[in-house]
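In: Everything below, folded, please.
(3 chains)
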Amino acid sequence: MAAGRSFTLGELAGRLNARLEGEASRRVQAVAPLEAAGPDDISFVLGPRYVKAAAATRAGALVAPEGLAGLPGAVLRVAAPQAALIAMLRLFHPEPPVEPGTHRLALVSDGARVDESAAVGPFAVVERGARIGRGTRIGALCFVGQDAVLGEDVVLHPRVVVRNGVRIGNRVIVHPGAVLGADGFGYAFDGQGHRKIPQVGGVRIEDDVEIGANTTVDRATLGETVIGRGSKLDNLVQVGHNCQIGEDVILVSQVGVSGSSRVGNRAVLAGQVGIADHVEIGDGAILTAQSGVPNDIPAGEVWSGTPARPTGEAKRIWAAENRLPELLRRVRDLEKRLTDLEKGAK
Amino acid sequence: MAAGRSFTLGELAGRLNARLEGEASRRVQAVAPLEAAGPDDISFVLGPRYVKAAAATRAGALVAPEGLAGLPGAVLRVAAPQAALIAMLRLFHPEPPVEPGTHRLALVSDGARVDESAAVGPFAVVERGARIGRGTRIGALCFVGQDAVLGEDVVLHPRVVVRNGVRIGNRVIVHPGAVLGADGFGYAFDGQGHRKIPQVGGVRIEDDVEIGANTTVDRATLGETVIGRGSKLDNLVQVGHNCQIGEDVILVSQVGVSGSSRVGNRAVLAGQVGIADHVEIGDGAILTAQSGVPNDIPAGEVWSGTPARPTGEAKRIWAAENRLPELLRRVRDLEKRLTDLEKGAK
Amino acid sequence: MAAGRSFTLGELAGRLNARLEGEASRRVQAVAPLEAAGPDDISFVLGPRYVKAAAATRAGALVAPEGLAGLPGAVLRVAAPQAALIAMLRLFHPEPPVEPGTHRLALVSDGARVDESAAVGPFAVVERGARIGRGTRIGALCFVGQDAVLGEDVVLHPRVVVRNGVRIGNRVIVHPGAVLGADGFGYAFDGQGHRKIPQVGGVRIEDDVEIGANTTVDRATLGETVIGRGSKLDNLVQVGHNCQIGEDVILVSQVGVSGSSRVGNRAVLAGQVGIADHVEIGDGAILTAQSGVPNDIPAGEVWSGTPARPTGEAKRIWAAENRLPELLRRVRDLEKRLTDLEKGAK
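Out: Sure, this is the predicted structure:
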């Protein structure tokens, strides 16, 4: 993915609001990690623990925080190195411009409203009553159902499904294969079989959410399933019907949140975590990978394991488990010695 | 998803075969949960544990079982409240009628047989030899492979893949992104590499099955993978090659069933359960969330944990684990005291 | 999926390089497992543990290793029965020939290079700069992004997404719904929200890899995510950004490998295993189903559980856990008896 762009260190210093230690006319061609960078590349040092790798790098220049010593060669000093890295990656790899218009091989139904600055890719379907906002891109092979509403500057990568009535805010990014608004999983067993409870609610995806590849967010039975502003869902995540996911939440790959559960703002659910239904995860709570959560989790706490416990307890239990076979032997030995002693004491 | 429909309580009483306590001419606009309902909404009380919430509701009317006391306002009394709720949701949110015919932008191969009452959506592909039954809907962007057979009143939501030769019964619902009939995962290691074992069997989906978004059901190596009548699979479920899933089975989201395993009728596998290959899950067995099942499970039992144990045992072990660090200390203390005593006894 | 082919045992002996015990002119119509085979079928006996089932089979003929006694009827004796089974399945179920050419309903952009022996299916999109090699098949409804490179004899089943710049070797098979090259999951929290780190790296899929339905392999932040030669990924697997998956690796269904982890050659990760980020799994290591792996795993070892431990240890712990509630009682009893004894000793 060589972008074919290059910058002088002087240009980069200007763009990144950086202080340059080195030659302004030196030109770099690409961004690369410390280990892989060559003399034509610029690399980055996010903090002290990368100084050792930085000392050995062949990179032509480095982006680094003010005050970090021990760095070789040209350095662009910045106040916030992660923000500078993001800006620099965008300089070298600019987003392709939106080419407005509906592709001749797309199908936009009569009665759908697509802003003239929006783009609809080939073999995409936009059904009647759907609204597509300013600057939004509908990728190839996407499906946008009846009466769905997409805000501004949304990106649907190719082959996303947005079912009928789903509402999506601004600057939302959805990766290929995601399915927003499929029916929730609800049945009533009547003694003969499972009767489907019609799933007639909706889904609301707030601004600045990102949704990973092949992730599924089900529509509500009644009311709405909500993904709050700024939350980020990785690939293959499941969000059940009527869940309320807060703001700036992180759901890592293969997490499953069962129906009607609530996840508080800024909570982090690591990979493969499972949340039971009707559970409440407090604001800022962290669940480590593969945790299984049958009950509410207090705000701000870190929990682990199945069933989840506070991580400190879980770690003590895991350490103790390692000694469990030995403990059985020790108890057997104690019993024998005690019996001997009891006999002697009689 | 306002459906724009409204009914008088008298009309609803007739449709739901209910006994009305209240004013027959009163009109309601929508169905809503007790907490969210307003005076123009009708809500529902499925049993005694919702009476407290019902007492506080602003709903204009309630559907409730005969004999349940303490409910305010107008009440439609029914014998089976869940069935009535389902019927009422269908009244307010009727299924859109099938618009028969093949969309001009669909591709139906010569030699495919599509019933004239069936519908094939835009950019859908139906390959040669495939048969599509009466009233069946093939959504936009679906793929139905060669010689696949779909029964009557099947719904393939947009972007489903049904590979060649897969057989689907009547009234089956498949949600977006599901893949039915991909190759099973079978290789023979010959010392040099993994050689693919051709997966030449099929998949049979029986009547009244529902399959969730992005779920995968693999074809058999030889013979058939079977999903039995009335079973319901949630999103992101994996069913491996040659599995035999019984009737009225529930597989909750992210469950994985490995190759050649059998799941008995009416079994319930909760979220993220994993079943090893060649395992038999007895009729009516329940596996709680995240269970890992290396061996057979007896019919009618409830098991939990990894490796799965009867839930009663698993709960006792989880409770005991909480005391494990303390137990280590107590045993250490016992050893010390016993040693002291043994010295004294000499 | 009856293929309509039949062979005499003499023909099969020739094709499979087998020694025939039986009548060369006898004709068989299909391959079937021992239990399901009838007199017109040929079945197979891969080793001694299937001899009992073979003795009861109704199959018209068997493929079996040289020297295996106790088999009824006609037998084709072979040196490597698994390889013979694979060859025989291919004889009865030959791969459909590639019909070269771009379907009239496909969209191949100007500036994409599609080999004239390749096939592009209906409603597939191949974007500019993409290169499709000799004999490669792009299924219906696939998306191949800008500058993606596919080698020779690749099979993309219907509805695969290959995003821009992804490089795929020769003889790679990708099942429906897989997404190769979606953005990695990377954000920097700046105190206000999660800022997206542009994911500008690529994905490289080496020769002879197979990728399951709805599996996701994310592109690297910088550099490449790599799936090594001959590795096989089952359905619904997640491979995070910058992972390095070695050669001949097996990732069973629903495995998740977090960002920047490395999996050594010939490692096997069973179903639902989760690997943390920046972890190294040694060559030939085996992780049993549902293992959770926070740290490196040594080459050649077998580990289990969460957190993963050597399987021998894990099994001893699981066995000891079964006795944990009883152990608590025994320690309580010891404490009481010891206290009594201590009182007596005073």
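In: Any buried residues in the host helix or strand of residue A:90, and which?
Out: If you go by DSSP states H and E, residue A:90 is part of helix A:81-92. Within helix A:81-92, the residues scored as buried using 16 or more other CB atoms under 10 Å in any protein chain shown are A:81, A:82, A:84, A:85, A:86, A:87, A:88, A:89, A:91, A:92. Backbone N, C-alpha and C define where each C-beta goes, glycine included.
In: helix or strand right after that helix?
Out: strand A:101-102.
In: Give me the residues contacting that following strand.
Out: Residues from elsewhere that reach strand A:101-102 (CB atoms under 8 Å, 6 or more residues apart in numbering or on different chains): A:108, A:114, A:116, A:119, A:120.
In: What pairs with the helix or strand following that strand, parallel or antiparallel?
Out: Later in the chain than strand A:101-102, the nearest helix or strand by DSSP H and E is strand A:107-108. Under the criterion DSSP bridges, strand A:107-108 sits next to strand A:125-126 (parallel) in its sheet.
In: mean confidence for the strand it pairs with?
Out: Mean per-residue pLDDT for strand A:125-126: 98.
In: Mind giving me the packing neighbours of the helix or strand just after it?
Out: Downstream of strand A:125-126, the next assigned helix or strand under DSSP H and E is strand A:131-132. Contacts defined by 3 or more CB pairs under 8 Å, 6 or more residues apart in numbering or on different chains; DSSP states H and E place strand A:131-132 against strand A:113-114, strand A:149-150.
In: Out of the ones you listed, indicate the one that is most buried.
Out: Most buried of those by mean neighbour count (mean count of other CB atoms under 10 Å in any protein chain shown) is strand A:149-150; its value is a mean of 24.
In: picking that back up, switch the buried residues of helix A:81-92 over to JSON lines; also include pLDDT and distance to residue C:210.
Out: Below are the buried residues of helix A:81-92 laid out as JSON lines (pLDDT from 0 to 100; distance: CB to CB, whole Å):
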{"residue": "A:81", "pLDDT": "93", "distance to residue C:210": "40"}
{"residue": "A:82", "pLDDT": "94", "distance to residue C:210": "37"}
{"residue": "A:84", "pLDDT": "96", "distance to residue C:210": "41"}
{"residue": "A:85", "pLDDT": "96", "distance to residue C:210": "36"}
{"residue": "A:86", "pLDDT": "97", "distance to residue C:210": "36"}
{"residue": "A:87", "pLDDT": "97", "distance to residue C:210": "40"}
{"residue": "A:88", "pLDDT": "97", "distance to residue C:210": "37"}
{"residue": "A:89", "pLDDT": "97", "distance to residue C:210": "32"}
{"residue": "A:91", "pLDDT": "97", "distance to residue C:210": "38"}
{"residue": "A:92", "pLDDT": "96", "distance to residue C:210": "34"}
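In: ok, and which of those reach chain C?
Out: Filtering those for neighbours of chain C using CB under 8 Å from any CB of the partner chain leaves A:82, A:85, A:86, A:89, A:92.
In: sorry, back to before: between the helices and strands packed on strand A:131-132, which gets nearest to residue B:223?
Out: Nearest to residue B:223, of all the helices and strands packed on strand A:131-132, is strand A:149-150, at 45.0 Å by CB to CB.
In: ok, back up a step: are any of the contacts of strand A:101-102 buried, and which?
Out: A:108, A:114, A:119, A:120.
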